[in-house]
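Peer 1: Below is the sequence, then the predicted model.
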Amino acid sequence: MDPRAACAPQRGAGWSLTGPAGTLVGVTPPPDRPYFLWDVDVSEAEFRARLHHADPSIRAQWQGRLLREARFDEVWAYVTLDEVLRDWERIRRHLGRRRAFWDWLFDGWRKDGLLPAA
């Protein structure tokens, strides 16, 4: 089975999201801060606002942080696939080590006909 199939968007189906895996015993993140924003003091509400900022460069920086640090299944609780594809060229530079994963995933979805050609 193609490993991309496990991550593929399901037409007409919602994403099943669970809490963060691998939380350390005795470590409690601040109550209003996503665990993957470990290096910045930004609340959930501030983070969501920055993901939808009017300036595409600012928006892409925060979208890139999300795609780089959050688990794949948690990304979709914050942004839509259409938003990521719209800003993709600006987001890519912020992905670091995760860029290869996202390129591979989107290329595979395009090859499989799940996304239009770029």
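Peer 2: Nice, I can see it.

Peer 1: tell me which element Asp107 is part of?
Peer 2: With secondary structure defined by DSSP states H and E, Asp107 is part of helix 99-111.

Peer 1: buried sites along that helix?
Peer 2: Along helix 99-111, these residues count as buried under the neighbour rule (16 or more other CB atoms under 10 Å): Arg99, Trp102, Leu105, Phe106, Gly108, Trp109. Any C-beta I mention is one placed from the backbone N, CA and C, and that applies to glycine too.

Peer 1: Hmm, Ile91 and the first one touching each other?
Peer 2: If I follow you right, that is Arg99. No: under the criterion of CB atoms under 8 Å, Arg99 makes no contact with Ile91, lying 9.2 Å away.

Peer 1: Between the buried residues of helix 99-111, which sits nearest Tyr78?
Peer 2: Ranked by distance to Tyr78 (CB to CB), the buried residues of helix 99-111 are led by Trp102 at 14.8 Å.

Peer 1: Ramachandran angles for Pro34?
Peer 2: phi -60, psi 140 (degrees, to the nearest 10).

Peer 1: ugh, wrong one, Pro116
Peer 2: phi -70, psi 160.

Peer 1: circling back to that earlier point, and which of the buried residues of helix 99-111 is nearest Ala45?
Peer 2: Trp102 (25.8 Å).

Peer 1: OK, contacts around the closest one?
Peer 2: Leu67, Arg92, Leu95 (CB atoms under 8 Å, 6 or more residues apart in numbering).

Peer 1: ok, now Phe36?
Peer 2: Per CB under 8 Å, 6+ apart, neighbours of Phe36: Pro20, Arg65, Leu66, Glu69, Ala70, Arg71, Glu74.
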